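> I'll drop the sequence and a predicted model, then ask my questions.
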Amino acid sequence: MEHKETSNDPLWARLLFMLGYWLLGSIAFSIAGLLGLAQLIVLWVRGGRHGGLQASGNLFADYAYECLEYIIFAKDDKPFPLGSFSKRSDR
């Protein structure tokens, strides 16, 4: 079985990037979860959502998703900080 690389990086470098993006994606996911908990508290206290918390939570969730796409080889473009910080347009 022949292996074909999908990017210009050697596999050992891709592994290092994957580990780094796994760490960054985990942090982003944790922050998004904390923002979701804060949103729940705001909703309970004020009776309405806080737009800033929701927007921030969406950014962190999108970044965690971009890291996961890189880790599972769905995309070869590196996420931020080595790539561009893209904001998903379907929101």
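Structure received.
> Could you list the low-confidence segments of this protein?
1-7, 85-91 (pLDDT under 70).
> The longest helix anywhere in it: how far from the chain's middle?
Across the chain, the helix with the greatest residue count (assigned by DSSP state H) is helix 11-46. Distance, stretch centre to chain centre, for helix 11-46: 7 Å (Cα atoms, centre = their mean, to the nearest Å).
> Name the residues that touch whatever helix or strand comes next after that helix?
Moving toward the C-terminus from helix 11-46, the next helix or strand (DSSP states H and E) is helix 51-71. Contacting residues not belonging to helix 51-71 are listed as 17-18, 21-22, 24-26, 28-29, 31-32, 35-36, 38-39, 42, 74-80, 85-88, 91 [Cβ atoms under 8 Å, 6 or more residues apart in numbering]. Heads up, the C-betas are built off the backbone N, CA and C, glycines and all.
> swap the cut-off to 6 Å and go again
By Cβ atoms under 6 Å, 6 or more residues apart in numbering, the list of residues contacting helix 51-71 from outside reads 18, 21-22, 24-25, 28-29, 31-32, 35-36, 38-39, 75, 79, 88, 91.
> Buried only: go through these for me.
If you count burial by 16 or more other Cβ atoms under 10 Å, the buried members of the contacts of helix 51-71 come out as 18, 21, 24, 25, 28, 29, 31, 32, 35, 39, 79.
> On the three-state scheme, the last one is what?
Looking back up the chat, that one is residue 79. Using DSSP: H, G, I helix; E, B strand; the rest coil, the structure places residue 79 in coil.
> which residues does it contact?
Contacts of residue 79 (Cβ under 6 Å, 6+ apart): 66, 67, 70.
> redo that, cut-off 10 Å
Applying Cβ atoms under 10 Å, 6 or more residues apart in numbering, we find residue 79 in contact with 17, 20-21, 24-25, 28, 62-71, 85-86.
> Of those, grab the buried ones for ChimeraX.
Remark: buried members of the contacts of residue 79, expressed as a ChimeraX selection using 16+ other Cβ under 10 Å:
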select :17,20,21,24,25,28,62,63,64,65,66,67,68,69,70,71
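> Please consider this matter closed, and thank you.
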